[in-house]
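[1] coords please:
(chains A and B)
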Amino acid sequence: MNRTVRKLFSNASSLVGIVLLFIFIIIALFAPIIAPPLSDNPYQVPRMSWDVNPQPPGFPISDDIREVYDFMGTEIKYDKAICGTAEGGYDIFYGLIWGTRTAFKIGLITVTVAGFIGVFIGSISAYFGGWIDEGLMRITDIFLSFPFLVAAMVLTTILGRGLDKVMIALIVFGWMGYARLIRGSILSAKEETYVMAAKALGVKDIKIIWKHLLPNTIFPVMVQGTMSIGSMVITAAALSFLGVGAPVGYADWGQMVSFARNWIIGAPGHAGQYWYTVLYPGIFIVLFVLAWNLIGDTLRDILDPRLRGEL
Amino acid sequence: MIINNKEPLLEVIDLKTYFFTEEGVVKAVDGVDFEVYQGETLGIVGESGCGKSVTAFSIMRLLDYPGKTVGGKIVFKGYNLLEKSDDEMRKVRGKDIAMIFQEPMTALNPVLTVGFQISEALMMHFKIGKKEAINKSVELLKKVEIPMPEERANEYPHQLSGGMRQRAMIAMAMSCDPVLLIADEPTTALDVTIQAQILDLMRTLLREFNGSLIMITHDLGVIAEIADRIAIMYAGKIVEYANKRTIFYSPLHPYTFGLLTSIPRLDLEMKRLNVIPGVVPNPLHFPEGCKFNPRCSFVTDRCKEEEPQLIEVEEGHLVRCWNIDKVAQEVKKGLLVGV
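    Down below sits the predicted model:
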């Protein structure tokens, strides 16, 4: 494991990924300091004006909003929209900072849960074989036959709006890859003599899977998982962009891009006038996905014995 | 070793294990009978593919699809192992019957420490804690003469040499004090000096726990060292079954005779080594009659038509051949190595 960590740090591209990821972690951890919440629910993006039109970076909080906060007795800890405001006066900067937490939440939770489900189904299926394998793999095929984004969209629509619903949808249609991957690895690993030796000692099947097979086969799944944290965040953003994701005003990068939908091309005669509405959230999403992919790529290179020249 | 207890520990009766492949049914083990007594070593000898390993796996019930034991009985301590449930069988494995594998390289899990792999069976069969199990594994490693057992227990298989790995395998197999040990070519992957050490170790341990051993090998030298009685297998059947002395001094089956005369001798001038002509028959298309007839130098017409039965020619000496007399005459010429 030490070797893996050392390699991760000595490789230029993974170092970029790690630095980026580190910055995102810092942002997520210190979100309450970087962008102090103005209401009880910190994930609610504060509005800097009631104006429909986006306002450019540096826009100060409008007087009527200030009145509302004064009336509620809330202290206004900052009064400028550093990155401008999105449609409806939502503060882009605040949305980006707290959206980092959302992104981590979506990415880590969906990938972990989907990974567990996939590994469970895939390993059971591969180890026991026969009818169990046949049945489980056909179920996997059924799930695989749905187009991912459309299926997730439909399910989110049925379940209703909300980040948790998005995550459920992403998990329900996101575990099949892991199941296939681990099944393939275990199918070959279970023919190894050490599995037979463990059976000959009377070790229970479930222990053979957990203690003997998974440690030998889990790495491809870990690489796949790392890489798909980025894509899960993108899909969640896409759902938000399409209007079935997080509720309006929730700090979520997809939501921020979604606010920019009507303003991307700018105003007549002023192409790109509202560039800040799409550029800043876009940069955050791209960098976040890039960070995970760079790390995932390097992890794959390190953990693949063929590429590291040991075989 | 003198067999005092006439009640066999393990009795294999008419064992039939077939593989159901797409090309047809492969009769890997086709009606094998033998018994193992308390404290003795039975050697099963044969070429690759003769069914000796499949016999071992059938006893342990470790064969998966497409292999299936379709007939016979495996009576161990009075119970038929083939009738036990999977869970009951799991409790027999490791505890009562343990197995040593051919390749110590692949039979140990590369990602688990040696100590853990030994203690795993201990924790399960004796329901003891982790600490106690680890202590016991260190003791076992000491018993199989691995130097610095405390450190070795925390090491991974790739950090051990081939001989040490096989010792660790033996420690694993011996961990729960089994009464029957099945060793499937335990010395094949080792070089000769290490082979001798491993055989010595196994003999010492066997004497100590008074258990029985089924030694599966193609190496007659190993068998001569360790076995009390020997079963020679060919094409899924036992062709000759006798005690060691009889097999080596007065074999009555042409295949046994062929095997023994193909051992190089130091005391005789030999231009060429004797060989058994031909190859092991394809298990999908065994020849008519005696399965050894295409390779046999004593072959007669009868061999090609009718398969001989395993008959007892004298007490404890069973042979499957029509031409015992001819072989006996040839043996008298004194070409055998002897023990």
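[2] who in the stretch 1-150 of chain A is up against chain B?
    Neighbours of chain B within the stretch 1-150 of chain A, by Cβ under 8 Å from any Cβ of the partner chain: A:129-130. Heads up, the C-betas are built off the backbone N, CA and C, glycines and all.
[3] tell me which stretches of the stretch 1-150 of chain A form helices.
    Secondary structure of the stretch 1-150 of chain A by DSSP state H, counting those that start in this stretch: the helices cover A:2-10, A:12-29, A:31-34, A:63-72, A:92-128, A:130-145, A:148-159.
[4] ranking those helices by mean pLDDT, which is last?
    In terms of mean pLDDT, the lowest-scoring of the helices of the stretch 1-150 of chain A is helix A:2-10 (a mean of 77).
[5] how about residue B:74, phi and psi?
    For residue B:74, the backbone dihedrals (degrees, to the nearest 10) come out as phi -120, psi 100.
[6] need the contact list for the spatially most central residue of chain B.
    In chain B, the centroid-proximal residue (Cα atoms, centre = their mean) is residue B:216; its distance is 1.9 Å. The contact partners of residue B:216, by Cβ atoms under 8 Å, 6 or more residues apart in numbering or on different chains, come to B:43-44, B:52-53, B:55-56, B:182-185.
[7] coming back round to it: mind putting the helices of the stretch 1-150 of chain A in JSON lines, mean neighbour count and distance to residue B:7 included?
    Below are the helices of the stretch 1-150 of chain A laid out as JSON lines (neighbours: other Cβ atoms under 10 Å in any protein chain shown; distance: least, Cβ to Cβ, whole Å):
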{"stretch": "helix A:2-10", "mean neighbour count": "11", "distance to residue B:7": "57"}
{"stretch": "helix A:12-29", "mean neighbour count": "16", "distance to residue B:7": "67"}
{"stretch": "helix A:31-34", "mean neighbour count": "15", "distance to residue B:7": "77"}
{"stretch": "helix A:63-72", "mean neighbour count": "12", "distance to residue B:7": "92"}
{"stretch": "helix A:92-128", "mean neighbour count": "23", "distance to residue B:7": "38"}
{"stretch": "helix A:130-145", "mean neighbour count": "13", "distance to residue B:7": "39"}
{"stretch": "helix A:148-159", "mean neighbour count": "17", "distance to residue B:7": "66"}
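[8] re the thing from before, which among the contacts of residue B:216 gets closest to chain A?
    Nearest to chain A among the contacts of residue B:216: residue B:182, at 8.4 Å, using Cβ to the nearest Cβ.
[9] give the bridge partners for that closest one, please.
    residue B:99, residue B:214 (DSSP bridges).
[10] was I right to think it contacts residue B:101?
    No - contact criterion Cβ atoms under 8 Å: residue B:182 and residue B:101 do not qualify, at 9.6 Å.
[11] skipping its backbone neighbours, what lies nearest residue B:36 in space?
    Excluding the flanking residues, the one nearest residue B:36 by Cβ to Cβ, 6 or more residues apart in numbering or on different chains is residue B:10, at 4.4 Å.
[12] pretty sure that neighbour contacts residue B:75?
    Yes - shown here, residue B:10 and residue B:75 form a contact pair, counting by Cβ under 8 Å, at 7.1 Å.
[13] neighbour count: the two, which is higher?
    residue B:10 (23 against 17; other Cβ atoms under 10 Å in any protein chain shown).
[14] who does the more buried one form a beta bridge with?
    Applying DSSP bridges, one finds that residue B:10 bridges with residue B:36, residue B:76.
[15] separation between it and residue B:73?
    From residue B:10 over to residue B:73 the distance is 11 Å, taken as Cβ to Cβ, to the nearest Å.
[16] same question, residue A:295
    58 Å.
[17] ditto for residue B:323
    For residue B:323 relative to residue B:73 (Cβ to Cβ), the value is 31 Å.
[18] ok, now residue B:269?
    50 Å.
[19] contact partners of the longest helix seen in chain B?
    Counting by DSSP state H, the longest helix found in chain B is helix B:192-209. Helix B:192-209 is contacted by residues B:39, B:41, B:143-145, B:162-163, B:166-167, B:170, B:174, B:177, B:181, B:183, B:186-187, B:190, B:213, B:222, B:225-226 when judged by Cβ under 8 Å, 6+ apart.
[20] how about stretch B:251-258?
    So stretch B:251-258 is contacted by B:232, B:234, B:239-240, B:247, B:260, B:274, B:276, B:292, B:295-298, B:313, B:317, B:319-321, B:323-324, B:327-328, B:330-331, B:336 (Cβ under 8 Å, 6+ apart).
[21] quick one: it to chain centroid distance?
    Remark: stretch B:251-258 is offset 19 Å from the chain centroid, using Cα atoms, centre = their mean, to the nearest Å.
[22] same thing with stretch A:247-264?
    For stretch A:247-264, the distance to the chain centre is 17 Å (Cα atoms, centre = their mean).
[23] span of it from start to end?
    Distance between the two ends of stretch A:247-264: 21 Å, counting by Cα to Cα, to the nearest Å.
[24] for stretch B:285-305, same thing?
    Rule used - Cα to Cα; the end-to-end distance of stretch B:285-305 is 15 Å.
[25] just the buried residues of that stretch, please?
    Neighbour-count burial for stretch B:285-305 flags B:286-287, B:289-296, B:298-299, B:303 (criterion: 16 or more other Cβ atoms under 10 Å in any protein chain shown).
[26] can you narrow the residues you listed to ones near chain A?
    Near chain A, by the rule Cβ under 8 Å from any Cβ, you find none of these.
[27] taking those together, which two end up most distant?
    Across these, the longest distance by Cβ to Cβ is 18.8 Å; it joins B:286 and B:298.
[28] and the strands in the stretch 151-300 of chain B?
    Counting by DSSP state E, counting those that start in this stretch, the segments of the stretch 151-300 of chain B that form strands are B:180-184, B:212-217, B:229-234, B:237-243.
[29] any idea how far the second one is from the chain center?
    Once both centres are worked out by Cα atoms, centre = their mean, strand B:212-217 turns out to sit 4 Å from its chain's centre.
[30] alpha carbons only: can I get that strand in PDB?
    The C-alpha coordinates for strand B:212-217 follow below in PDB (Å, rounded to 0.1, in the frame of the first residue of the first chain):
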ATOM      1  CA  SER B 212      -3.000 -42.200   7.900                       C
ATOM      2  CA  LEU B 213      -1.700 -40.800   4.700                       C
ATOM      3  CA  ILE B 214      -2.800 -41.200   1.100                       C
ATOM      4  CA  MET B 215       0.200 -40.300  -1.000                       C
ATOM      5  CA  ILE B 216      -0.600 -39.500  -4.600                       C
ATOM      6  CA  THR B 217       2.400 -39.300  -6.900                       C
END
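[31] so where's the stretch 151-300 of chain B shaky on pLDDT?
    The model of the stretch 151-300 of chain B has pLDDT under 70 over residues B:268, B:270.
[32] how near is residue A:155 to residue A:239?
    Using Cβ to Cβ, residue A:155 is found at 10 Å from residue A:239.
[33] again but with residue A:87, I slipped
    18 Å.
[34] cool, and residue B:197?
    From residue B:197 to residue A:239 the distance is 66 Å (Cβ to Cβ).
[35] ok, residue A:49 next?
    Using Cβ to Cβ, residue A:49 is found at 27 Å from residue A:239.
[36] give me the buried positions along stretch B:47-62.
    Buried residues in stretch B:47-62, defined by neighbour count with 16+ other Cβ under 10 Å: B:47, B:49-62.
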